[in-house]
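Engineer: sharing a model that was predicted from the sequence below.
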Amino acid sequence: MRARYGNHFERAMRMSEDVFYGLVGVLRPRLPRRGFSAEVRTALALHYLGGGSYVDICAAFGLHSVTIHRALWDVVDAVNCSPGLALDFQLADCSRRQAYGANSRPSATPRSAMSLGPSTVLPSNKNSLYQRT
């Protein structure tokens, strides 16, 4: 990967080369052996997760969007299955989720569904919500 980015490796990967290869070392046993190397898959996933557009990544690496999608999910699955990373999402601590919910943007739920109370019974067919009566 250093050959591809040269002196811009840390900026492109948003981590040092040692940390990148440490991450690849942790993920390698859980990444599929077919296709691209663990380094390339991890680099593609980091670019996307770092805010890169899949269209730009396709153009930069000369790959099809399906290849990027597969690499991304291979890496995400490897991260989730790697006990060495010891990820703690703190889902049991509801205070963080409630604080986030209070400051987040409104949901994409239609206004009519947002105005429904907890005791409202919705029809079993979702299309009937949008029919005029």
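Structural biologist: Structure's in. What do you need? Numbering: from 1, shown residues only.
Engineer: pLDDT weak spots in the protein?
Structural biologist: Counting by pLDDT under 70, the chain shows low-confidence ranges at 1-5, 88-133.
Engineer: pretty sure residue 79 contacts residue 85?
Structural biologist: Yes: the pair residue 79 / residue 85 is scored as a contact, 6.2 Å apart, by C-beta atoms under 8 Å. All C-beta spots, glycine's among them, are computed from the backbone N, C-alpha and C.
Engineer: who has more neighbours, these two?
Structural biologist: More neighbours surround residue 79 than the other of residue 79 and residue 85, with 17 against 13 (other C-beta atoms under 10 Å).
Engineer: name the SS class of that one, please.
Structural biologist: At residue 79 the chain is in helix, as set by DSSP: H, G, I helix; E, B strand; the rest coil.
Engineer: which residues in this structure form helices?
Structural biologist: Taking DSSP state H to define them, one finds helices in the chain at 2-5, 9-13, 17-27, 38-49, 54-61, 65-80, 94-103, 111-114.
Engineer: now, of those, which is deepest in the fold?
Structural biologist: Compared across the helices of the chain, helix 38-49 shows the largest average neighbour count, a mean of 21 (mean count of other C-beta atoms under 10 Å).
Engineer: C-alpha coordinates for that helix, PDB please?
Structural biologist: Presented in PDB, the C-alpha positions along helix 38-49 are these (Å, rounded to 0.1, in the frame of the first residue of the first chain):
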ATOM      1  CA  ALA A  38      -6.300  -8.300   3.100                       C
ATOM      2  CA  GLU A  39      -4.400  -5.000   2.700                       C
ATOM      3  CA  VAL A  40      -6.400  -4.000  -0.400                       C
ATOM      4  CA  ARG A  41      -9.800  -5.000   1.200                       C
ATOM      5  CA  THR A  42      -8.900  -3.100   4.300                       C
ATOM      6  CA  ALA A  43      -7.800   0.000   2.400                       C
ATOM      7  CA  LEU A  44     -11.000   0.000   0.300                       C
ATOM      8  CA  ALA A  45     -13.200  -0.300   3.400                       C
ATOM      9  CA  LEU A  46     -11.200   2.400   5.200                       C
ATOM     10  CA  HIS A  47     -11.700   4.800   2.300                       C
ATOM     11  CA  TYR A  48     -15.400   4.200   2.200                       C
ATOM     12  CA  LEU A  49     -15.900   4.300   6.000                       C
END
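Engineer: many thanks, have a good one.
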